[in-house]
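Engineer: show me how the following folds:
(4 chains)
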Protein chains: 2
Amino acid sequence: MTIDDAPRDALRGGPRELLRWVASGAAVSRADLARLSGLSPSTVSQRVEALISQGLLEEAGAGRSRGGRRPRQLAVPTGGAVVGAIDLGAHHARVGTLDLSGRVVQARTLPVRIEDGPEEVLDALLAEVSALVAVPTGPDGEAADGESAAGALRGIGVGIPGPVQHATGRIVSPSRMPGWNGFDVAAFCAGRVEVPVVVDNDANLMALGAHRTTHPDLDHAVYIKAGTGIGSGVISDGRLHRGAQGSAGDISHCRVVADPAPPCSCGNAGCLEAVASGAALVTALRDQGVPVTDLTGVIRLIDDGDRHATALARQAGRAIGEILAVVVNFFNPQVVAIGGRLADCEPLLASMRATLYERCLPLATQTLLIERVATGQDVGITGAAHLVIDHVVAAG
Amino acid sequence: MTIDDAPRDALRGGPRELLRWVASGAAVSRADLARLSGLSPSTVSQRVEALISQGLLEEAGAGRSRGGRRPRQLAVPTGGAVVGAIDLGAHHARVGTLDLSGRVVQARTLPVRIEDGPEEVLDALLAEVSALVAVPTGPDGEAADGESAAGALRGIGVGIPGPVQHATGRIVSPSRMPGWNGFDVAAFCAGRVEVPVVVDNDANLMALGAHRTTHPDLDHAVYIKAGTGIGSGVISDGRLHRGAQGSAGDISHCRVVADPAPPCSCGNAGCLEAVASGAALVTALRDQGVPVTDLTGVIRLIDDGDRHATALARQAGRAIGEILAVVVNFFNPQVVAIGGRLADCEPLLASMRATLYERCLPLATQTLLIERVATGQDVGITGAAHLVIDHVVAAG
DNA sequence: CCTACTTTCTTCGACTACAAAACGAAGTTC
DNA sequence: GAACTTCGTTTTGTAGTCGAAGAAAGTAGG
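Structural biologist: Numbers count the residues shown, from 1 in each chain, chains lettered A, B, ... in the order given. From the prediction side, this is the model:
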């Protein structure tokens, strides 16, 4: 079961928005929803009833009175895992199950060897999702509820660290995923599970996850994912902007000034990815004779104040800032946030910020938020869950 | 009368879309509209009637039969100027009146001295609009009709060669418009005329005009305006993307590699505008001792194959291409088109294209259209008219 | 000329989504 | 206990849209 049309719902006052207000705690009662959405009480009641009958919402007793009748509290069903999510990375994958509110029920990180090819990797990850779903609740107590009304799995979201055509679910000429080119992830997964599968780029999922949890009300945002590779996800008018081929946000091969310009796997030299990605930092340090094997080691060196590593981090920050400056001038977002493992490097962040302020129009930066993505390692699967839930709710 | 909310209508099957199909010739009858829009014939009839009663549409006799009843042809009222438009440039302004289809009824170019300040300049241009409106029809015959039903002026659109907050109509720290900073164009105009006035950046208007006339069905597009200054307009999801502060598309102060990096009026050096704008080319040639006074002279030199001028044009094209490459990777549009007076320089266009293909992801360029804006000197006022008409139709 | 068929457009009844208002339910306050 | 609040439902009305039926106006063929 594949998905080929994006959810063009999620509009003002739509069911998905009601659900989100309840999930976020912004609304607790029907009256709250009426106030927030601007819909009439009768319409809200009607919609809420529909959502309840679909098992997407439930009543949760009476709330405190505010001087009149007590509200009948609404809540998104919890305790049951309803969405599976896979956030595939270069060396690890984060796999989890989430509930309808987008909260993580269970999650774990698995080592992954991308080079084993798509079938093997995806099979293992899908199996892990199934295993997590089979366990009714997490290890944090709360066993009783058992199979809640919403306990059935509704869909699986998959994030891929390379260019994906979201519409078809196919991977297109990825840099660092030998054997995956042209592979149709959605079709493959659809053949193994009975529920809808949505596939998207990992940076897009991070963007969606971070946006929904931290700035759901802002219209335009750019989220940078700086880990082993570099990518970005774009929110335009409150929705993910995927562009014509679905490759929007792929800034990894934009050229930046660097001397000497390091060669990139794409055949060019001086690509952002060859200067500022985690993989690039590892390579560069190794070339300088520093004995590091992976990104973790690099980050440790930076945290320890190693001179070479810090200089490289600064250079990386400048490079990202350079590209981002163009993006900010062009797109004029309200937020730019950086996530991924490199986002925790202070020197990188600092020089990115500096470059951004130096190179952007004052008009574009005067109210711009420049942040670190705060949601931790589960942003990706959170975004995946949102994507799935959007689809499920839109489809009724 | 100011306008503070963007027309969020213009959706599938909306009145504005029906109107556009008729104006573009894609639909001639109610039946055509029903087929195109997917609406039922009854709904179309009803909407058409509403549009006719508003004077936005009219019946134009019977068409040819296709084997059955002859269609009652529909047409957008012509012959009467219903929208005024002003496209202000660095040294000239294009002023015109247009009909509801977005076709130019009358237009003329006036010399302008920006430095005279906003009141004086705008007063003169508004007076010119009034003069054009007063003349019932153009000089191309067709006098009879006189005051058509739609003859009343419905609004005025104004394009400004600098950053404008479209929502408020205020100008914000423009580079080349001394005395205009903070000026509220919309409020000023609203005080002089009785109709709605919409104000926007000139590149945005060019983008809208070009998009609506050449690629109305494409979702994502970027239009570069390269004249005395450099700007761009962004179409996202079929609509103008203005960004958080309304400064989206302002790429004039993005840094590009240039040696030596020419100083820019913004205080930085190496800005795109300081390398690739018409003003920059004039300055650079003058510094080389070539006796040119204005952009026209530069373009003539380039056309004549002057070595220095051509080299500069190539450099400018590379610089634009560099920035545009980031934009294309990031935004992944279906079209990139370049307009403005510099768009006619073959060397510039050629090196822009080359840079673009060299620096972009193959995925992003494989189906990308890279074009010249073909609509001539009236694109700007056409875009302005579309903006006004969008608003008028949305407002009922 | 008359019949059969097409295409175009309108009319009418039905359905849906939403809103406005009235009302019932459940509290609080004085 | 009366008055007032807040919450939610029920009822009624309205606007938008669709589908079916039919009227209008033609073509094609005998």
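
Engineer: any stretches of the stretch 151-300 of chain A with poor pLDDT?
Structural biologist: Residue ranges of the stretch 151-300 of chain A with pLDDT under 70: A:151.

Engineer: A:Pro111 pairs with what?
Structural biologist: Beta-bridge pairing for A:Pro111 (DSSP bridges): A:His92.

Engineer: which elements pack onto the one helix or strand A:Gly191 maps to?
Structural biologist: Element membership of A:Gly191, judged by DSSP states H and E, is helix A:185-192. When contacts are defined as 3 or more Cβ pairs under 8 Å, 6 or more residues apart in numbering or on different chains; DSSP states H and E, helix A:185-192 packs onto helix A:118-134, strand A:155-160, strand A:170-171, strand A:197-201. Using the backbone N, CA and C atoms, a C-beta is placed for each residue, glycine as well.

Engineer: could you check how far the first one is from the centre of its chain?
Structural biologist: Okay, so that is helix A:118-134. Remark: helix A:118-134 is offset 20 Å from the chain centroid, using Cα atoms, centre = their mean, to the nearest Å.

Engineer: then the third one?
Structural biologist: If you compare the mean C-alpha spot of strand A:170-171 with that of the full chain, they lie 18 Å apart, counting by Cα atoms, centre = their mean.

Engineer: just to revisit the earlier point, out of the helices and strands packed on helix A:185-192, which gets nearest to DNA strand C?
Structural biologist: Closest to DNA strand C of these, according to Cβ to the nearest atom of the strand: strand A:155-160, at 22.9 Å.

Engineer: report the angle between that closest one and helix A:185-192.
Structural biologist: Strand A:155-160 and helix A:185-192 are oriented at 140 degrees to each other (axes from the mean of the first three to the mean of the last three Cα atoms, to 10 degrees).

Engineer: ok, and does strand A:155-160 reach over to chain B?
Structural biologist: No: contact of strand A:155-160 with chain B (Cβ under 8 Å from any Cβ of the partner chain) is absent, the minimum separation being 14.0 Å.

Engineer: can you map out the helices along chain A?
Structural biologist: Ranges of helices within chain A are A:15-24, A:30-37, A:41-53, A:118-134, A:185-192, A:202-214, A:272-276, A:278-287, A:295-303, A:307-331, A:346-359, A:362-365, A:379-394, based on DSSP state H.

Engineer: how about the residues of the stretch 201-350 of chain A by DNA strand C?
Structural biologist: Counting by Cβ under 7 Å from any atom of the strand, no residue of the stretch 201-350 of chain A lies close to DNA strand C.

Engineer: pick out the residue in the stretch 201-350 of chain A sitting closest to DNA strand C.
Structural biologist: A:Gly238 (17.9 Å).

Engineer: can you tell me how far that residue is from A:Ser232?
Structural biologist: 17 Å (Cβ to Cβ, to the nearest Å).

Engineer: between those two, which has more neighbouring residues?
Structural biologist: Using other Cβ atoms under 10 Å in any protein chain shown as the criterion, A:Gly238 and A:Ser232 rank with A:Ser232 on top: 28 against 15.

Engineer: shouldn't that one be in contact with A:Leu240?
Structural biologist: No: under the criterion of Cβ atoms under 8 Å, A:Ser232 makes no contact with A:Leu240, lying 11.6 Å away.

Engineer: shared neighbours, those two?
Structural biologist: Residues touching both A:Ser232 and A:Leu240 by Cβ atoms under 8 Å, 6 or more residues apart in numbering or on different chains: A:Ala207.

Engineer: hang on, the earlier thing: with only the CA atoms kept, save the helix holding A:Gly191 in CSV.
Structural biologist: Output of helix A:185-192 as CSV, limited to C-alpha atoms (Å, rounded to 0.1, in the frame of the first residue of the first chain):
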residue,chain,number,x,y,z
VAL,A,185,11.5,2.0,-0.7
ALA,A,186,7.8,2.6,-0.5
ALA,A,187,7.0,-0.3,-2.8
PHE,A,188,9.3,-2.6,-1.0
CYS,A,189,7.9,-1.8,2.4
ALA,A,190,4.4,-1.9,1.1
GLY,A,191,5.0,-5.5,0.1
ARG,A,192,6.0,-6.4,3.7
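
Engineer: okay, angle between it and strand A:197-201 too, please.
Structural biologist: Using the same axes, to 10 degrees, the inter-axis angle of helix A:185-192 relative to strand A:197-201 is 150 degrees.

Engineer: return the distance of helix A:185-192 from the chain's centre.
Structural biologist: Chain-centre distance of helix A:185-192: 21 Å, with Cα atoms, centre = their mean.

Engineer: how about it: buried residues?
Structural biologist: If you call a residue buried by 16 or more other Cβ atoms under 10 Å in any protein chain shown, then helix A:185-192 has these buried ones: A:185-186, A:188-190.

Engineer: which of those residues lies closest to B:Val199?
Structural biologist: Closest approach between the buried residues of helix A:185-192 and B:Val199, by Cβ to Cβ: A:Ala186, at 45.4 Å.

Engineer: find the nearest non-adjacent residue to the closest one, please.
Structural biologist: With Cβ to Cβ, 6 or more residues apart in numbering or on different chains as the criterion, A:Ala186 has its nearest non-adjacent residue at 2.3 Å, and that residue is A:Gly169.

Engineer: now swap in A:Pro262 and tell me
Structural biologist: With Cβ to Cβ, 6+ apart, the residue lying closest to A:Pro262 is A:Ala274, at 4.4 Å.

Engineer: pull the number of nearby residues for the residue of the stretch 201-350 of chain A found nearest DNA strand D.
Structural biologist: Nearest residue of the stretch 201-350 of chain A to DNA strand D (Cβ to the nearest atom of the strand) works out as A:Asp237 at 21.4 Å. Neighbourhood size, A:Asp237 [other Cβ under 10 Å]: 12.

Engineer: contacts only, for it.
Structural biologist: Residues counted as contacts of A:Asp237 (Cβ under 8 Å, 6+ apart) are A:219-220, B:236-237, B:239, B:241.

Engineer: backbone phi and psi for it, please?
Structural biologist: A:Asp237 adopts backbone torsions of phi 60, psi 30, taken as degrees, to the nearest 10.

Engineer: can you check the pLDDT for A:Ala62?
Structural biologist: A:Ala62 carries a pLDDT value of 90.

Engineer: number of residues surrounding it?
Structural biologist: Neighbour count of A:Ala62, defined by other Cβ under 10 Å: 12.

Engineer: from what I can see it touches A:Leu74, true?
Structural biologist: No: taking Cβ under 8 Å as the definition, A:Ala62 is not a contact partner of A:Leu74, at 11.4 Å.

Engineer: on that earlier part again, please convert the helices and strands packed on helix A:185-192 to a markdown table, extending it with mean neighbour count and distance to B:Arg359.
Structural biologist: Formatted as a markdown table, the helices and strands packed on helix A:185-192 follow (neighbours: other Cβ atoms under 10 Å in any protein chain shown; distance: least, Cβ to Cβ, whole Å):
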| stretch | mean neighbour count | distance to B:Arg359 |
| --- | --- | --- |
| helix A:118-134 | 17 | 29 |
| strand A:155-160 | 28 | 24 |
| strand A:170-171 | 20 | 23 |
| strand A:197-201 | 27 | 20 |
